[in-house]
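Enquirer: I would like to see how this sequence folds:
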Amino acid sequence: MPTQTLRLNGALCLLNGCLEDCDLFISDGHFAPTSASAAEIDLSEYWLLPGIVDLHGDGFERHIRPRPSAPFDKRAALQSADVELASQGVTTAWFAQSWSWEGGSRAPDEAVALLEARRQIAHRLMTDIRIQLRFETHMPGDQAALMAVVRDYHLDYIVFNNHLPEALEMANTKPARFASWAAMNGHVPDDLLAIVRAAHAADAQIPAFLTALAADLRSAGVMMGSHDDPDPETRAFFRGIGAHICEFPTSVAAAHAARTAGEPVLMGAPNIVRGGSQSGNIAAMELVEEGLCDALISDYYIPALAQAAWVIADARALSFAHAWEMISTRPAQIMGLSDRGSLTEGRRADLVVLNPNTRRVEATVVRGQIAFASGRAAQRLLQAHSPFALAAQ
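Expert: Now for the predicted structure:
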């Protein structure tokens, strides 16, 4: 049975780096060619934008553990996080889950449990939720286990972290904070300190271990990056093993090194919205203004993505269209997702209906189906002559 083609008219559409007055056609979950027989939906006064692609977010943790001592079922948590994503215009997201010596919610078995929960309820999710594993570098005994998980769950993105320096400094200078951190992860302070020191003792073998692990990951088709690069030398090491994505560099020099090598630099959208890093690192706006930031990611707060586009535009650092591309088009390109990230014919019909007057996301469409709708946009979409969902059925 042929699908009904829909025509969204009257809106400004983000195409070719600017907002253009044109119509969009949707059929079979994709943007389609012009059709004279399409059912029309008037979206005058709205902007139609590519769906947000978030490459790193751990805000989902609040759905699993709204309080540290009160975990909820991961399947239910993923479904509620899915609703939050859609309400904020996010159509594709990588949830950042740690694989760490820290234990607690960051233990390897917790990562596997999240992956299994996602596999069990993937068919119920409206948005495309994937898992990014944040692998702690000083775990040389975990290569076989990690690769088994990569193959079993078809992981496509891993980022390398090293929190040992932070842990050692905390233990030496802020023992009370270290004790709280230990308790949060189910340890007494002395036990966690022993784990940290044992991991640190393996320091000499880590470069060779990571080189071998990265070779296995490349063979499995996994994209790789590094987290919190402090300097060009660290970035150079990860570049050398094929981890080309530079996530949250903590110095301008590290970001410059990535840019010089043609590598994408990702920074946190909350950093843009709040006017600086909550941990005291470099300001993301500085990198945006210097042309050293390719894409913004939600980090710990999903609503900051759309908000950051407005902050950048208001500061006249970039046009709104280019700022929005930093959370949609560019992330899709970085991950090689050629089927999404723009409103062009043949791409997945992932789009955001934005009210520019209130700056609210009033509707989110994923693969041609409504994932979220509110306000006047909901009335127009749901009261259309043909049900909107027909575009993807």
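Enquirer: model confidence for the closest residue to H187 other than its chain neighbours, exactly?
Expert: Leaving aside its chain neighbours, H187 sits nearest to G103 (6.2 Å; criterion: CB to CB, 6 or more residues apart in numbering). All C-beta spots, glycine's among them, are computed from the backbone N, C-alpha and C. G103 carries a pLDDT score of 91 in this model.
Enquirer: next, the distance between the ends of stretch 66-76.
Expert: Using CA to CA, to the nearest Å, the end-to-end distance of stretch 66-76 comes out at 13 Å.
Enquirer: ugh, wrong one, stretch 248-264
Expert: Stretch 248-264 end-to-end distance (CA to CA) = 11 Å.
Enquirer: I figured D203 hits T137, correct?
Expert: No: the criterion here is CB atoms under 8 Å, and D203 misses it with T137 at 9.5 Å.
Enquirer: quick one: the helices in the stretch 1-150 of the chain?
Expert: 61-64, 74-87, 108-121, 143-153 (DSSP state H, counting those that start in this stretch).
Enquirer: what's the first one packed up against?
Expert: Packed against helix 61-64, as judged by 3 or more CB pairs under 8 Å, 6 or more residues apart in numbering; DSSP states H and E, are the following elements: helix 74-87.
Enquirer: hmm, back to that, so which of the helices of the stretch 1-150 of the chain is nearest A96?
Expert: With CB to CB, the closest approach to A96 among those belongs to helix 61-64: 9.1 Å.
Enquirer: what's in contact with that closest one?
Expert: With contact meaning CB atoms under 8 Å, 6 or more residues apart in numbering, helix 61-64 is reached by 71-72, 74, 77-78, 80-81, 84, 105, 114.
Enquirer: how far is that helix from where the chain is centred?
Expert: Counting by CA atoms, centre = their mean, to the nearest Å, helix 61-64 is centred 16 Å from the centre of its parent chain.
Enquirer: check stretch 362-369 too.
Expert: Worked out by CA atoms, centre = their mean, stretch 362-369 lies 18 Å from the chain centre.
Enquirer: what about that stretch, average pLDDT?
Expert: On average, the pLDDT along stretch 362-369 is 97.
Enquirer: now do the helix or strand harbouring G225: which elements does it pack against?
Expert: Per DSSP states H and E: G225 is located in strand 223-227. Using 3+ CB pairs under 8 Å, 6+ apart as the contact test, the elements touching strand 223-227 are strand 157-161, helix 206-219, helix 232-240, strand 245-247.
Enquirer: again, only this time at 10 Å
Expert: Counting contacts by 3 or more CB pairs under 10 Å, 6 or more residues apart in numbering; DSSP states H and E, strand 223-227 packs against strand 52-57, strand 128-136, strand 157-161, helix 206-219, helix 232-240, strand 245-247.
Enquirer: show me which positions of the longest one end up buried.
Expert: Taking 16 or more other CB atoms under 10 Å as the neighbour-count basis, helix 206-219 is seen to contain the buried residues 206, 209-210, 213-214, 217.
Enquirer: nearest to F320, of those?
Expert: If you rank these by distance to F320 using CB to CB, L217 comes first, at 36.8 Å.
Enquirer: does the closest one touch L146 like I think?
Expert: Yes: using CB atoms under 10 Å, L217 makes contact with L146 at a distance of 8.5 Å.
Enquirer: who touches both of those two?
Expert: Residues touching both L217 and L146 by CB atoms under 10 Å, 6 or more residues apart in numbering: 135, 155, 158.
Enquirer: L193: which of those residues is nearest?
Expert: The closest of those, once distances to L193 are taken by CB to CB, is F135, at 21.8 Å.
Enquirer: I'd like the distance between the nearest residue to the closest one once chain neighbours are set aside and I195.
Expert: Spatial nearest neighbour of F135, chain neighbours left out: W99 (4.9 Å); criterion: CB to CB, 6+ apart. With the distance defined as CB to CB, to the nearest Å, W99 ends up 14 Å from I195.
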